[in-house]
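K.L.:
give me coordinates for this.
(chains A and B)
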There are 2 protein chains.
Amino acid sequence: MEGIGIVGAGVAGLHLGMLLRRQGVPVTLYSERAPQQLGSGRLPNAVAHHHVTISRERALNVEHWDAGEFGYGVHHHYLGGPSPARFIGRFSAPSRAVDQRMLLPRLVHDFCDAGGTFEHRTITPAEVEELARRHDLVVIATGRGGLSELFPRRADLSPFDRPQRRLCVGLYDGIAPAEPRGVTLSIAPGHGELIEIPMLSFTGQVSALLFEAVPGGAFEAIAACSYDADPAAFHRLVLEILREHHPSVHERVDPARFGLTRPLDLLQGAITPGIREDFAMLPSGRPVIAAGDAHAVVDPVVGQGANCASYSAWELGRQILDDPHFDERFCRKLAARRRNLVRATTDWTNLMLSSPPPQHLQDLLGAMATTPAVADEFTENFNHPDRQWDILATPERTRAYLAGHGLG
Amino acid sequence: MEGIGIVGAGVAGLHLGMLLRRQGVPVTLYSERAPQQLGSGRLPNAVAHHHVTISRERALNVEHWDAGEFGYGVHHHYLGGPSPARFIGRFSAPSRAVDQRMLLPRLVHDFCDAGGTFEHRTITPAEVEELARRHDLVVIATGRGGLSELFPRRADLSPFDRPQRRLCVGLYDGIAPAEPRGVTLSIAPGHGELIEIPMLSFTGQVSALLFEAVPGGAFEAIAACSYDADPAAFHRLVLEILREHHPSVHERVDPARFGLTRPLDLLQGAITPGIREDFAMLPSGRPVIAAGDAHAVVDPVVGQGANCASYSAWELGRQILDDPHFDERFCRKLAARRRNLVRATTDWTNLMLSSPPPQHLQDLLGAMATTPAVADEFTENFNHPDRQWDILATPERTRAYLAGHGLG
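P.N.:
Numbers count the residues shown, from 1 in each chain, chains lettered A, B, ... in the order given. Next up is the predicted model:
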């Protein structure tokens, strides 16, 4: 038997692999893409690592981009509507966004340096049983290639059966950084959100613009507009959307310099959020574990995907180290262990996607505009989606929380 | 609203009440017995506090009997049968047994000193709704008075529908302490167990003898033998059982001094182990939480009742402090939080009661006899029933564990 087999070279697979290698556990990581492919090609996403995730990277000795230098400490909020509101929320420690095409190959390098085996090989669902015979335990840490389908979807925890937003994320030059450096969360009620992220990419510090367009809303077109067909028309559309719906970003644009950094630094599409079972039993009776996107697909609207994947990988890794007996008890313990945070992540994210937003979420956002402590806690809780959900799970909870701040 | 209402003045109720009072939360504790009644009357049980529980008492500043002075550091094992085995298992830190008639009134005193409200009042199931209207949250921390029935029994986690042992527990003079001071666990295969506990009671250090008699086994009679009708006959029967089945205790008896310390220092009976739902929703929609015996009734064979009650109260208290919103989310988080340890406690205890004991348990006990590290870990895991169950949950787990020790 050859230790742990991990399918997928994203944050979940690599954080898990690194944690296990640091403790001397044999690990093979299967990736459909070679390291040089992970480091090139189209922009895969625009991911922020919050400080809970960075602290895990520090513990693994893979924090190569110091968050104090490359990160940011605040969220700038713009709430559009008849009387727009602007306010800041502060983190207790910085978050950091690095292009995953830089980050993942570096993690693969660390993993191999630490004695991990990297195998460039596509695993199909039919091959998982063979993998399970070869390894003590197999972990599916990718949602690609139909592997998610091994794990039944939890309909009771997955309220949406179609995408709630059309997505368009790209890297841009020509936007002056917000002061202090931070993410901008700009909400255009009824139409969707723009998340602007200061990101380190191949060309240096750039601005990621992630448009979260409500289907049928005013800027849905950006998710389908072809850059390659007509770059100038694409840029015009982006600027027009910024001007009309996201003025706190638009006012920092230098039209002379504005533009996509490179043609491949753009991704358009949509995802259906959902949560799947933590594990499945193969016909042989061997278990297979879900992590990352195979377990929970979250819309990027509040930037939780990578953090949830890292958390989930970490809990799995700790349990592999604590109790390396890979039976149903192992699986059930794991499910109980990560249940609260993973579900809170998806529940909170799904609430943020609701159209129209429920009154208690509007009340909280309104309170953030007037009360810095509330805005700071909402921001800090990007590290703690379980605590965010403690505040937002029900209207009563939000009311009690706001009352605790002397509001409402 | 008047803070938290706790029904039951046992370890669960008092540890919870103390934890909340130390953080300034208003608490009312309802007890069907006044403090002087808690401190008198018939022996209620023979309970050891292991060091995880003692560390909680220390954190609450209610550790009045130093475990280094009054406690013990080992388990002495005697495995009867054709070729008896004797061996020791060592704790990493001492356990301690104090007569609950001394301990509980002292805890009530601490609780009142810390600003808690003690109400001498019997609560019936019909009155729980009224209590729920008066308090922010009601916790049922007693199995008495039909209050357990609020919480449906989990048949899937409760394998027994009748008692597995007849119990007879009493405090005795005239037994020299084992060396080093410790509990003796003496197993008479097919007939049951004797647990001898060095206990501090009103008359000083005494020996608690807890007979766990298999129904129909050789010493079942002790559970029904009337001390009051004929003390000498009762003593004769105890000595005869010790001589025949528990020689490692019998050899330390001084017949001239041997006898029950006081007529009320004896309890005979039987319990049906079982586990119930973590919470229930009252007709009004308010939740009520189960703790201690209301949640899990465990046979005393491996001394887990008080420790599980304390653990469970602690987790509940931490959650009340972290997230004082008493809705269904609160209840479900609590259930997930304490699930692994509470279930491991009952599953392990129930395994120890199985007749005949399954082969993998026999293998582990056999390994303890030859391998001190295995005996020490089994003993230390009286603090960590979840880790004990990691070893004992399946034959494969026990086999892998023993293989890790170069055995089998």
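K.L.:
flag every residue of chain A that's near chain B.
P.N.:
A:322-323, A:325, A:327, A:329, A:333, A:336-337, A:339-340, A:389-390, A:393-394, A:396-397, A:400 (C-beta under 8 Å from any C-beta of the partner chain). Every residue, glycine included, has its C-beta placed from N, CA and C.
K.L.:
change it to 10 Å
P.N.:
Residues of chain A lying close to chain B (C-beta under 10 Å from any C-beta of the partner chain) are A:322-330, A:332-333, A:335-340, A:343-344, A:347, A:386-387, A:389-391, A:393-394, A:396-401, A:404.
K.L.:
who does the nearest residue to A:Gly182 once chain neighbours are set aside bridge with?
P.N.:
Among residues not flanking A:Gly182 along the chain, A:Val74 sits closest, at 3.7 Å (C-beta to C-beta, 6 or more residues apart in numbering or on different chains). With beta bridges defined as DSSP bridges, A:Val74 has these partners: A:Arg90, A:Gly182.
K.L.:
let me know whether A:Val74 touches A:Ile88 as I believe.
P.N.:
Yes: applying C-beta atoms under 10 Å, one finds A:Val74 in contact with A:Ile88, separated by 5.1 Å.
K.L.:
which of the two has more residues huddled nearby?
P.N.:
Neighbour totals were compared for A:Val74 and A:Ile88, and A:Val74 leads with 21 against 17 (other C-beta atoms under 10 Å in any protein chain shown).
K.L.:
residues contacting that one?
P.N.:
A:Val74 makes contacts with A:88-91, A:94-95, A:178-184, A:375-376, A:379, as judged by C-beta atoms under 10 Å, 6 or more residues apart in numbering or on different chains.
K.L.:
switch the cut-off to 8 Å
P.N.:
For A:Val74, the contact set (C-beta atoms under 8 Å, 6 or more residues apart in numbering or on different chains) comprises A:Ile88, A:Gly89, A:Arg90, A:Phe91, A:Pro180, A:Arg181, A:Gly182, A:Val183, A:Thr379.
K.L.:
next: A:Thr346.
P.N.:
A:Leu157, A:Ser158, A:Pro273, A:Gly274, A:Ile275, A:Ala296, A:Val298.
K.L.:
Serialize these to TSV and add fields for pLDDT.
P.N.:
Formatted as TSV, the contacts of A:Thr346 follow (pLDDT from 0 to 100):
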residue	pLDDT
A:Leu157	94
A:Ser158	96
A:Pro273	96
A:Gly274	96
A:Ile275	96
A:Ala296	96
A:Val298	95
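K.L.:
in JSON lines: the residues you listed, plus secondary structure and neighbour count.
P.N.:
Shown next, in JSON lines, are the contacts of A:Thr346 (DSSP: H, G, I helix; E, B strand; the rest coil; neighbours: other C-beta atoms under 10 Å in any protein chain shown):
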{"residue": "A:Leu157", "secondary structure": "helix", "neighbour count": "15"}
{"residue": "A:Ser158", "secondary structure": "coil", "neighbour count": "17"}
{"residue": "A:Pro273", "secondary structure": "coil", "neighbour count": "21"}
{"residue": "A:Gly274", "secondary structure": "strand", "neighbour count": "21"}
{"residue": "A:Ile275", "secondary structure": "strand", "neighbour count": "23"}
{"residue": "A:Ala296", "secondary structure": "strand", "neighbour count": "28"}
{"residue": "A:Val298", "secondary structure": "coil", "neighbour count": "26"}
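K.L.:
who touches both of A:Val74 and A:Ile88?
P.N.:
Common neighbours of A:Val74 and A:Ile88, using C-beta under 8 Å, 6+ apart, are A:Gly182.
K.L.:
any idea of the pLDDT on the closest residue to chain B within the stretch 51-200 of chain A?
P.N.:
Residue nearest to chain B within the stretch 51-200 of chain A: A:Asp136 (10.6 Å; C-beta to the nearest C-beta). Predicted confidence (pLDDT) for A:Asp136: 97.
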